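**Student:** this one's sequence-less:
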């Protein structure tokens, strides 16, 4: 949990730098939309921003700020994967995480989302820009970060062992895979697995012990032994008393 908190904190610090350059971001979108002859429809998806940067960006400053936006979106997508790894999920957390995934999808339509108080990104736009062009795209990152904070708040209320079990299971699976890989690498080709060899060894030792006990039993029951004489009855001297 501490790791995902630190990841989100780092993303937020990077986003603060981006937020300070919001006018540069809007100007870059204006330039690239004009180059793409796409001035009518709103900027409504991450994929649209990526297309503008890759195909219609003629300015190093515009490319830098568009790439910064895309990089933050990618970092948030990777953080979603970390959240899934830390916690198996319940109804509330799964619902929050699903919202984040939908918002961060490259094809998702962002036109109708708006970041609300305490975020002021929409307030920095003109009425036309906010309503018709950039209100959704500037709202994406603050809305997703708020959802992730909400996810963490719910996850921290769960029993501590739930979070630990997930990480322990992943660590155990990774360790087992590494051990199996090491065993395959060390073992000469053609040999059976170590567990099979151990089983064969135990069976062989058991069989040898049984054979030895059988031999010992036969050795002490040979003719002329004390047990053999009891089976033939007591000894009598030869003569007239013998019958």
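**Tutor:** Looks like it arrived, so ask away. Note that the structure is a prediction, hence the values are computed from the model and not measured.
**Student:** Count the neighbours of the closest residue to residue 106 other than its chain neighbours for me.
**Tutor:** Once flanking residues are discounted, residue 106 sits nearest to residue 47: 3.8 Å by CB to CB, 6 or more residues apart in numbering. Bear in mind the C-beta positions are built from the backbone N, C-alpha and C, glycine included. Using other CB atoms under 10 Å, the number of residues around residue 47 comes to 13.
**Student:** next one: phi and psi at residue 47?
**Tutor:** Dihedral pair for residue 47: phi -60, psi -30, per degrees, to the nearest 10.
**Student:** could you measure residue 36 against residue 49, distance?
**Tutor:** Distance, residue 36 to residue 49, using CB to CB, to the nearest Å: 11 Å.
**Student:** Counting neighbours, go ahead and name the busier of those two.
**Tutor:** Using other CB under 10 Å, the more surrounded residue of residue 36 and residue 49 is residue 49, with 24 against 14.
**Student:** what's downstream of the host helix or strand of that one, the next helix or strand?
**Tutor:** Using DSSP states H and E, the element containing residue 49 is helix 46-55. Beyond helix 46-55 on the C-terminal side, the first helix or strand identified by DSSP H and E is helix 60-86.
**Student:** what angle do that following helix and helix 46-55 make?
**Tutor:** 140 degrees (axes from the mean of the first three to the mean of the last three CA atoms, to 10 degrees).
**Student:** For whichever helix or strand comes after helix 60-86, give the mean pLDDT please.
**Tutor:** Downstream of helix 60-86, the first helix or strand assigned by DSSP H and E is helix 91-104. The average pLDDT within helix 91-104 is 94.
**Student:** do the same with stretch 122-136
**Tutor:** Per-residue scores along stretch 122-136 average to 95.
**Student:** now do stretch 15-24
**Tutor:** 97.
**Student:** hang on, residue 77 packs against residue 104?
**Tutor:** Yes. Assessed by CB atoms under 8 Å, residue 77 is found in contact with residue 104 at 4.9 Å.
**Student:** and residue 113, helix, strand or coil?
**Tutor:** What DSSP: H, G, I helix; E, B strand; the rest coil gives for residue 113 is coil.
**Student:** That one: neighbour count?
**Tutor:** Residues lying near residue 113 (other CB under 10 Å) number 17.
**Student:** Tell me the spacing between it and residue 46.
**Tutor:** Look at residue 113 and residue 46: by CB to CB, they are 12 Å apart.
**Student:** Which neighbours do these two have in common?
**Tutor:** residue 140 (CB atoms under 8 Å, 6 or more residues apart in numbering).
**Student:** which residues of the protein fall in helices?
**Tutor:** Shown for the chain, the helices assigned by DSSP state H span residues 2-19, 22-35, 46-55, 60-86, 91-104, 127-132, 135-156, 160-186, 194-220, 226-232.
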